[in-house]
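>>> no FASTA, just this:
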């Protein structure tokens, strides 16, 4: 199930648990940082949930994506999928949802950065129509470059002027 993450302690705890699984050994954010991010009015948080085996009512968070919108531009700030749920379309479904929500909110541009060595993610972004428009040299702490991907929605005004 794909849906919004909100300002509830249970979502922050679930997000931090997923963060630890995706980014060992310490994760990237604390539970308090997730709560703060959920409260940020510029942030949209999307979660992917799956049923817990043996408990028909319980679900566990297996994917999360965060965007930040400033004016008419939305940036994907983080996307993560639990190792046991990878290669099953979870990231693609969340990214599609992020892009749809950004467009519905009036964004005309959607951007993201990805590690140059993350071939699977780069292929997914290209599959969804995002184009690689640049590189940030030695962006990550280990010296890896970041590739910048971009998508611009055509507006009626832009279409009349031949812009994308």
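Here it is on my side, so go on. It should be emphasised that the depicted structure is a prediction, and the values quoted were computed from it without experimental measurement.

>>> mind listing the helices for this structure?
Assigned by DSSP state H, the chain shows helices spanning 9-22, 31-39, 90-104, 119-127, 156-160.

>>> go through these and name the closest to residue 112.
Smallest distance to residue 112 across the helices of the chain (Cβ to Cβ): 7.0 Å, for helix 119-127. The way it works is simple: take the backbone N, C-alpha and C, and place the C-beta from them, glycine included.

>>> buried ones in that closest one?
By 16 or more other Cβ atoms under 10 Å, the buried positions in helix 119-127 come out as 121-122, 124-125.

>>> again with stretch 53-71
For stretch 53-71, a neighbour-count test (16+ other Cβ under 10 Å) marks 60-67, 69 as buried.

>>> centre of the chain to it, how far?
On the basis of Cα atoms, centre = their mean, to the nearest Å, stretch 53-71 sits 11 Å off its chain's mean C-alpha point.

>>> does residue 106 touch residue 73 like I think?
No. In this structure, residue 106 is not within contact of residue 73 by Cβ atoms under 8 Å, at 10.2 Å.

>>> check contacts around residue 128.
92, 95-96, 99, 151 (Cβ atoms under 8 Å, 6 or more residues apart in numbering).
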